[in-house]
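Novice: Below are the sequence and a predicted model for it; my questions follow.
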Amino acid sequence: MELPKEYDYNAVEEKWLNAWQDSMYYFDRNSEKPQFIIDTPPPYPTGNFHIGNALNWCYIDFMARYKRMRGYNVMFPEGWDCHGLPTEVKVEEAHGITKSQVSREEFRRLCVELTTKNIERMRKSLRRLGFSIDWSNEYITMEPSYFVKTQRSFVQMYNSGMIYQQNHPVNWCPRCETAIAFAEVEYESRTTILNYLNFDKLRIATTRPELLAACVAVAVNPDDERYREYVGTEVAVPVFGHKVKVIADKSVDPSFGTGVVMICTFGDKQDVRWWVEHSLPLRKAIDRTGRMTELAGKYAGLTTEECKKAIIDDMKKDGILYKQEELSQNVGLCWRCKTPIEILSEKQWFVKIIADEILDTANKITWVPDYMKVRLENWTGTMEWDWCISRQRIFATPIPAWYCDRCGKTKVAKGEWLPLDPTQKKPPGACECGSSEWRGEEDVLDTWMDSSISALHVSGWLSGREPLLPTQLRPQGYDIIRTWSFYTILRTKALLDTKPWETILLNGMVLGEDGHKMSKSRNNFVVPEEVIRKHGADAFRQWAAIGGTTGSDIIFSWKDVVAGSRFLQKLWNIVRFSLPHLSDKPAEFKPVDRWLLSRLNRLVKDATEKMDAYQFDETFKAIRGFAWDILADNYIELVKSRLYGEAEGKEAAQYTLFVTIETLSRLLAPFLPYFSEEVYSHIKKESVHLQTWPEVNESLIDEEAEASGEMIKEIASAIRRYKSEHGMALNSSLSNIEIYSSLKDGSDIAGAANSRISLKTGKPGFELVAREIIPNMKMLGRTYRGRAKSIAEALRNMDPKLADSGSIALSVDGEKIILDSSFFVLEKEKLLKGKAVDVLEVGSAVVVIAKVITIPTSSQCTGR
RNA sequence: GGGCCCGUGGUCUAGUCGGUUAUGACGUCGCUCUUACACAGCGGAGAUCCGGAGUUCGAAUCUCCGCGGGCCCA
């Protein structure tokens, strides 16, 4: 059959995309094979699968396909982490409404509708990239079949005391009008104004004068002589006039501002610490929408910004504010909408964080690369308070709880009632107080409560079977170690007292071509669809494989993608050349065949080890190097003459080529699913993705075959170089070539050189003259330490002929030293006598070529 | 302010349990259209391995101090 000259990635990829069956990749619960379950990250259904996700999925797919070929029962599930604010915002935008303008059910329905549409789009991208996803294990967190598990995990942790309800300060986004967790707060350096105020008999400095109404104390450092006398007394808060205590606390910095600080409920995290330590009262001056409360008197109803301006103006007028200066400080922002957060005290639901248990569990997991574990440890060590899991939003998993209308008691659902939405359904039975009027909890769960049980879900937890825990692999980016890794470890430990995964594989971030994080404002944004359109999925996957070391950041580079598509073209040409010559009938090998097969088996060994260590870049580079350099540039060139004619050894070359191409297809299958399938389809009737990973045939790894093959290759290439340097065409023939070596078969060299070859043993009748002594520094340094340098120097300077006997005597600094041949290498020069010949030295072989008279080409004449 | 990673030819990168020709890709220059491939082959040029100090006979590699970049966080 005739193969097209150009590899048409588009046609090939489309063809196999339609031909492949999903069932090829299904996990089999009844299989005898060892399980390999991957806890795939469920992406947020934005509608676009971005390049960072794509990199991660490439890693997952390399592993999934590899493990399948290695005989594992692989589960590569695909989840969708649906809940959350961004979808709510999109829905509000799209329909021109706010969440409070429609009913909760209606708003949720709109969110589900949008999410469903987005998932559909992203599924297409996943398929096009050739990922071997097990679609029978897809999960969607907004569906009852999933969130029933989220709710049951909530109930179980509530019953075991791991979840509790409390009035506690929480991070609050006034724009989103919800509590958020620490993991959702990010910080940014901003310039603000530090205001100096006359504060009764003291002077204080504050960046947040709008919080004066919430001032509950004033603090000084206990060692600060200036204020010692005031500690324990009361002062009146300016503008508002209420009295607060002056307290002493050593964490007050005397050199900051005036050395006196006001404590408000709450200006920042430090206020919370002081508030707890000194048991201070609570004054709420800011409400859930970020506006001032009644407590703020005439400022009530203003936003914090408006209030700040107004109160500063007033205090300036009244002479309270006497000085202002600029100050750069870090402001906590909501990671979704970048609004500065407030700290409000609210009744919220919390998950207990037991740092020791988390660290202990993390230590039982293999971290790849291992230094990433430090990030989890650092994060765990900085937790200030428990994980706030309640959110005042709508599109999320409902908290299955109610409050008694009469006595206010909280009732949490029983596991068997779930799933349910407490705002839609009342609990059976009455409260202990006798009332059966219930108010459903309107707060919903943090999205991480959904996704932190992904490992449990895919393992089959609560599906009527024993969960297959731990799963084998968690692949994810290092940016969500503090969230997804942290929470998953916490939850798996709390719910099933085990670790979620055996191994966690961290991938780096994808940076734009300029080395910065991809962002629309930097205009360095690339989407996978664009790459696929221009170069195909297999080229994209090659960039993912070789763009960088696993775990490190990787820069997107069009050059790498182009190099990938060139490699496909090169491979295509190799296959196009080889196909008519393939034969699966074994035959007696020639030295070059044994060389290639030895190298091939070495490659298999190498690739297997590197895949097991998640070194995709190393694996792929090794395969590419073999295919391009060893197979194409050398082996094929050497056996062409055998393949074309009817000479002896033709069958051996055909068979060798068959074995090599067949093995190469399987090695490439995890990386280039489309290309390898196309090639394999021309060799066998089955899918390459249902084949086993190549086994190493140790008996074919043969040092001797490699040495003589290498020699043949080197000689052929030396002759090629000789022709090139003498301006001869590469297919021109040389009258006679004598090769002095241990080689027993020169036919392939003759073919490649298109010349007659005479094989000789021994050495040609040349005079060998020692030319140079090269010191072996490693040996000299070990033995002679400090004198190594001067000995080496002496060796270089002495007459090389003196070393002919094998050892050498010299005197350094008046001392006689005798060095045997292990301390130096003697470079010998071969002098020719008699005929005019050119001599090429190739390792231990000597190639003698009858001298040709070079007719200079015109370019050489004009050249110099 | 803390943590983690990184700084190697023009560009990107390998090498990092110390050993003297530092790997490869892209680019560049020269030659060659050799019955698979000019999206190729062959050959060449191009690096005092960010700076400084230290350890050592010997440092891209180990230690310390700088400088620079990136990410995660406070």
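Specialist: Nice, thanks for sending it over.

Novice: Pull the number of nearby residues for the residue nearest to A:Tyr487 when sequence neighbours are not counted.
Specialist: Nearest in space to A:Tyr487, with sequence neighbours left out and distances taken as C-beta to C-beta, 6 or more residues apart in numbering, is A:Ser452 at 3.7 Å. In this view, the C-beta of every residue, glycine as well, is placed from N, C-alpha and C. As a burial measure, the neighbour count of A:Ser452 was computed by other C-beta atoms under 10 Å and equals 28.

Novice: Which residue lies nearest the spatial centre of chain A?
Specialist: By C-alpha atoms, centre = their mean, chain A has its centre lying nearest to A:Asn507, at 1.0 Å.

Novice: Distance check, the closest residue to A:Trp387 other than its chain neighbours against A:Ala179.
Specialist: Once its chain neighbours are removed from consideration, A:Trp387 has its nearest residue in A:Val351; the separation is 4.2 Å (C-beta to C-beta, 6+ apart). Here A:Val351 is placed at a distance of 13 Å from A:Ala179 (C-beta to C-beta, to the nearest Å).

Novice: Can you tell me who the residue nearest to A:Trp387 pairs with across the strands?
Specialist: Here A:Val351 shows beta-bridge partners A:Ile163, A:Trp387, assigned using DSSP bridges.

Novice: How much space separates it from A:Glu437?
Specialist: Taken as C-beta to C-beta, the spacing of A:Val351 relative to A:Glu437 amounts to 29 Å.

Novice: Please say which of the two ends up with more neighbours.
Specialist: When neighbours are counted by other C-beta under 10 Å, A:Val351 and A:Glu437 differ, and A:Val351 comes out ahead with 24 against 12.

Novice: The closest residue to A:Lys90 other than its chain neighbours: which element?
Specialist: With C-beta to C-beta, 6+ apart as the measure, A:Leu114 is the residue that lies nearest to A:Lys90, at 6.1 Å, once sequence neighbours are left out. Secondary structure here is read from DSSP states H and E; on that basis A:Leu114 sits in helix A:104-128.

Novice: What is that helix packed up against?
Specialist: helix A:9-19, strand A:78-80, helix A:85-95, helix A:528-535 (3 or more C-beta pairs under 8 Å, 6 or more residues apart in numbering; DSSP states H and E).

Novice: how far does that helix sit from the chain's center?
Specialist: On the basis of C-alpha atoms, centre = their mean, to the nearest Å, the separation between the geometric centre of helix A:104-128 and that of its chain is 26 Å.

Novice: show me what contacts A:Leu376?
Specialist: Contacts here follow C-beta atoms under 8 Å, 6 or more residues apart in numbering; on that basis A:Leu376 touches A:358-359, A:362, A:481-482, A:485-486, A:489.

Novice: Quick check: A:Ile480 vs A:Gln569, distance?
Specialist: Using C-beta to C-beta, one obtains 38 Å as the distance from A:Ile480 to A:Gln569.

Novice: To clarify, my last question referred to A:Ser552.
Specialist: Distance, A:Ser552 to A:Gln569, by C-beta to C-beta: 29 Å.

Novice: sorry, back to before: of the contacts of A:Leu376, which ones also sit close to RNA strand B?
Specialist: By C-beta under 7 Å from any atom of the strand, the members of the contacts of A:Leu376 lying near RNA strand B are A:481-482.

Novice: which of the contacts of A:Leu376 are buried?
Specialist: Neighbour counting with 16 or more other C-beta atoms under 10 Å marks A:358, A:362, A:481-482, A:485-486, A:489 as buried within the contacts of A:Leu376.

Novice: Nearest to A:Ala718 among the residues you listed?
Specialist: In terms of C-beta to C-beta, no member of the buried ones among the contacts of A:Leu376 lies closer to A:Ala718 than A:Ile481, at 53.8 Å.

Novice: Touching, the closest one and A:Met372? I think so.
Specialist: Yes - A:Ile481 is within contact range of A:Met372, at 6.7 Å (criterion: C-beta atoms under 8 Å).

Novice: overlap in contacts of the two?
Specialist: Common neighbours of A:Ile481 and A:Met372, counting by C-beta under 8 Å, 6+ apart, are A:Leu506.

Novice: quick one: stretch A:249-256 near RNA strand B?
Specialist: No - using C-beta under 7 Å from any atom of the strand, we find that stretch A:249-256 stays clear of RNA strand B, coming within 12.9 Å at best.

Novice: ugh, typo on my part, it should be stretch A:55-63
Specialist: No - contact of stretch A:55-63 with RNA strand B is not found when judged by C-beta under 7 Å from any atom of the strand; the minimum separation is 13.9 Å.

Novice: average pLDDT for that stretch?
Specialist: For stretch A:55-63, the mean pLDDT works out to 91.

Novice: Equivalent analysis for stretch A:515-522, please.
Specialist: Taken as a whole, stretch A:515-522 has an average pLDDT of 72.

Novice: Give me whichever of the helices and strands packed on helix A:104-128 is most buried.
Specialist: Relative to the other members of those, strand A:78-80 carries the highest mean neighbour count by mean count of other C-beta atoms under 10 Å, namely a mean of 22.

Novice: what distance separates it from the middle of the whole chain?
Specialist: In this view, strand A:78-80 has its centroid 18 Å away from the chain centroid, taken as C-alpha atoms, centre = their mean.

Novice: ok, now which ones touch A:Pro369?
Specialist: The neighbours of A:Pro369, taking C-beta under 8 Å, 6+ apart as the test, are A:506, A:550-551.
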